[in-house]
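predicted model and sequence below, questions to follow.
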Amino acid sequence: MKPGDDRAGKTDPMGGRPGGRAGSVSLRLRLGIAMLGPLAIAALALGLFGWALISDVVRRTNDRVLGGALGAIAETVEVERGEVTLDLPPAAFGMLENAERDNVYYRIAVGRELLTGYADLPAPDIATLSTEEPRFRYAEYRGQRIRIGEVRRDLPRVSGPVVVQVAETLDNRNALRRRLMTALLVGEMVLVGVALALIRPALGWSLRPLAELRAAIEARDTRAAPDLSPLQTGPLPAELQPLSRSFDRLLTRLDDATTATRRFTADASHQMRTPLSVLKLQVALARRGSDDALREIDEATDRLERLLTQLLTLARADEAGTLPPLEQVDLVEVSRRTISRRIRQAIEADVELLLDDEQDAAFHVQGHRSLVYEMLSNLVDNAIRYNRPGGKVTIALRKDEANVHLIVSDDGPGIPAELRAQAMSRFARLQGENGPSGSGLGLAIVQSSAERLGAGLALEDAAPGLRVIVTFPA
Amino acid sequence: MRILIVEDDAQLARGVVSLLRAAGHAIDHVANGEDALSVAATEPYSLVILDVGLPDIDGFEVLARLRARGDRVQVLMLTARDGLDDRVRGLDLGADDYLRKPFDVEELEARVRALGRRRGGDAAPEMRIGAMTINRSTGRVEVGTRPIELRRREWAVLEALAARAGQIVSRETLQAEVFGFDDPVGSNALEVNVTRLRSKLAPDGPAIRTVRGVGYMLDRS
């Protein structure tokens, strides 16, 4: 990052400019929203669970104290000479004293008959009362909710079971539960608050590799020749590696395209230089009164024109953009058009141009008419150019079950098998004794067009001459 | 002087050949590197105009092989490429000069003349032999104050002899330097040109001596 570059640095490393682009939501907001919902639900669940747990613990501990007091009282119940006696131990009630000053009630009865205590304390269902374990329950008494602990003792020689009950109001339990719940809720709130407060620094820290990546990308954004080599970053987190890889792939593709374009431009300008040299030379000679100069200038101009046309055709055939939808191309019609385009050239070169199309058969392929036309036109141009006076150029159309073949053969010197691959490369001009001045683009155009049309291309020896076979899927 | 043009583009070669022929040089043309190497081995060229882009071996390779076998002929590279690297590479390989296509005709002519002058070890355009002044840039020859009109063959003979004034130049060498492959040469064509040149320089100019059975020599004074 450049110093003083206010696009970087001042804002946080994730590049969340205030507001950002209209309609975009900052990562922080997204993450905040994404975290807040689950956090709230978790907090609520924890609260409910905490409430249940705390209630249970509070109930158990207080019940245990209540049970202790109950047991202490119940133990003093005895039978003396057929009479039930008891000695209320003060310690039992001391156990139940607390800061909330809960009211404590008790009732001891033999069967339904009150022995001592509060007569109106709700009586238990004696039949289900255990003699071992005290039973606890809630009840209403004097307008307040109370917790009653009760136990039964069966004593010998007594008319009925002895029922001991101890009860307390719930203020202490409620207060305790409230305190614990408050502590829990405060804890939860602190947790959520800390989590939300940490989003910003956490995001900043986690997104720092992204900022590094951005810096690496921004460093490429120069006016000078763009550097399209893979990005140089430190080790990236796993999440960013696909991004970096995709970017590198994009760079590589861009680099390939740029290289191809640059090479093409260099080749093209290279190709223009020779006919331009001829032009300059012949213009100078014309000034000096050379008789041949005008004819040479004429020829050089034709060469330049043809070269330009071919360069444009090649550029078009190379274009990676979308092609119009496939259309039905009538090869007979295209061949006839090509012949009428090339016939003058053929006559001048003393070459016969003919179409061999198996009378009345139709040759239709799926493709792009203009591409097929340019391809065939270049094939025929080559065939005329590299022919011998009195020779023939034949466009033949053939088909079998699977394919339609477009065959152009000539009577020229042909291309030796070992040079055929080279012949199709750009600006390749095979050695020929004072051969015609070709641009070396003809076969390259044919190959590029065939590729785009999904057609096969083969060069064969026609003995003598060259046979070029373009194979379209039928 | 005798110049070899190595250029695969037939049309450009035709133009350069007719341009330099008109300037009085004996020109041969080949269209590929192997041919260039084989004719350069046998013919006494003063200058090779060498295109870089050749169909078989490129111009750099031709140059490298020429220098490797000790051929010190002057080489003017012609290239259609833009890069500085190419220029540096050509010069490093031993090219004497370098011209980029498309070139100006005047520039090509001037460079050819300059390279021709350098052949005698003296790059100055004016050369003085006795009362004769030869301007190798303009092609003007004067004896004293008297301008001498020369035909192009006579000029070629004078140029070849003047470059080695005071030394005997063999008949074969002179023949080879003055006439290209394609020049229609009669058996006594060289003789005829030498004789005509001799009479044009006389009486006050330097004499051209015939050394019987060996060759010719231009007097230093």
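Okay, I see it. Numbering: from 1, shown residues only, chains lettered A, B, ... in the order given.

now stretch A:303-319, how far from the centre of its chain.
Offset of stretch A:303-319 from its chain centre (Cα atoms, centre = their mean, to the nearest Å): 40 Å.

for the record, mean pLDDT for it?
Model confidence over stretch A:303-319, given as mean pLDDT, is 78.

excluding chain neighbours, what is closest to residue 43?
Answering for chain A, as no chain was given. Nearest residue to A:Ala43, sequence neighbours excluded (Cβ to Cβ, 6 or more residues apart in numbering or on different chains): A:Glu188, at 4.7 Å. For every residue, glycine as well, the C-beta is placed using N, CA and C.

my question was about chain B, not that one.
Here the residue nearest B:Glu43, using Cβ to Cβ, 6+ apart, is B:Ala176, at 5.9 Å.

from what I see, that neighbour and B:Ser46 are in contact.
No - B:Ala176 is beyond contact range of B:Ser46, at 10.3 Å (criterion: Cβ atoms under 8 Å).

now the element after the helix or strand harbouring B:Leu99, going C-ward?
If you go by DSSP states H and E, B:Leu99 is part of strand B:97-100. Later in the chain than strand B:97-100, the nearest helix or strand by DSSP H and E is helix B:105-119.

separation between A:Ala474 and chain B?
Applying Cβ to the nearest Cβ, to the nearest Å, the value for A:Ala474 to chain B is 39 Å.

quick one: contacts for that residue?
A:Ala474 is in contact with A:365, A:399, A:401-404, counting by Cβ atoms under 8 Å, 6 or more residues apart in numbering or on different chains.

now do the helices in the stretch 251-400 of chain A.
Under the criterion DSSP state H, counting those that start in this stretch, the stretch 251-400 of chain A contains helices at A:293-318, A:331-348, A:369-385.

quick one, domains of chain B?
B:2-119, B:126-218 (automatic domain parsing).

between the helices of the stretch 251-400 of chain A, which gets nearest to B:Asp97?
Checking those against B:Asp97 by Cβ to Cβ gives helix A:293-318 as the closest, at 24.7 Å.

those residues of the stretch 151-300 of chain A touching chain B, which are they?
A:266, A:269-271, A:273-282, A:284-285, A:288, A:290, A:292, A:296, A:299-300 (Cβ under 8 Å from any Cβ of the partner chain).

let's see 6 Å
Contacts of the stretch 151-300 of chain A with chain B, taken as Cβ under 6 Å from any Cβ of the partner chain, map to A:270, A:273-274, A:276-278, A:280-282, A:284.

mean confidence for stretch A:364-383?
For stretch A:364-383, mean pLDDT is 87.

contacts for that stretch?
Applying Cβ atoms under 6 Å, 6 or more residues apart in numbering or on different chains, the external contacts of stretch A:364-383 come out as A:313, A:323, A:326, A:328-330, A:334, A:338, A:342, A:393, A:404, A:408, A:410, A:442, A:445-446, A:449, A:453, A:468, A:472.

then stretch B:155-164?
Outside stretch B:155-164, the residues that reach it (Cβ under 6 Å, 6+ apart) are B:1, B:24, B:119-120, B:134, B:169, B:174, B:177-178, B:193-194, B:197, B:218.

repeat that with 8 Å
Contacts of stretch B:155-164 (Cβ under 8 Å, 6+ apart): B:1, B:24-26, B:116, B:119-120, B:127, B:129, B:134, B:136, B:139, B:141, B:150, B:169, B:173-174, B:177-178, B:190, B:193-194, B:197, B:208, B:216-218.
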